[in-house]
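Asker: sequence isn't available, so here's the structure alone:
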């Protein structure tokens with residue numbers, strides 16, 4: 001058996017996508033994932049008690065203002 005050569009810029013298995021060259025769909029999926037993570041974080045902050053927010057150096061006013069700004073978009 002001879003040596004198998006795999007080109008570094010091509011996937012080893014046909015059908016795989018390049019991880020280093022994101023196309024529009026993967027960029028869009030990344031944006032959606034980021035937006036959902038931000039949404040979850042903001043909603044979780046809104047559910048914290050005042051003591052929990054104090055531990056994070058936040059006030060209820062800051063969180064509510066951020067939620068209002070986020071939800072108004």
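Answerer: Cool, the structure landed. Here the structure is a predicted model, which is why all the values come from computation and not from measurement.

Asker: and the gap between residue 70 and residue 59?
Answerer: 17 Å (Cβ to Cβ, to the nearest Å). Every residue, glycine included, has its C-beta placed from N, CA and C.

Asker: next one: residue 48
Answerer: 11 Å.

Asker: who's more crowded, these two?
Answerer: residue 48 (15 against 12; other Cβ atoms under 10 Å).

Asker: that one: what's it in contact with?
Answerer: 56, 63 (Cβ atoms under 8 Å, 6 or more residues apart in numbering).

Asker: ok, and what's touching the lowest-mean-pLDDT helix or strand in the chain?
Answerer: The helix or strand of the chain with the lowest confidence, counting by mean pLDDT, DSSP states H and E, is helix 60-72 at a mean of 83. For helix 60-72, contacts defined as Cβ under 8 Å, 6+ apart pick out 38-39, 42-43, 45-46, 48, 50, 53.

Asker: one more pass at 10 Å, please.
Answerer: 38-39, 42-43, 45-50, 53-54, 56, 58-59 (Cβ atoms under 10 Å, 6 or more residues apart in numbering).

Asker: spatially, which two of those are the most separated?
Answerer: 39 and 54 (23.4 Å; Cβ to Cβ).

Asker: show me where the protein has its helices.
Answerer: For the chain, helices defined by DSSP state H occupy the ranges 24-47, 50-55, 60-72.

Asker: any chance of JSON lines for the ones you listed, columns mean neighbour count?
Answerer: JSON lines is the format used below for the helices of the chain (neighbours: other Cβ atoms under 10 Å):
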{"stretch": "helix 24-47", "mean neighbour count": "11"}
{"stretch": "helix 50-55", "mean neighbour count": "11"}
{"stretch": "helix 60-72", "mean neighbour count": "12"}
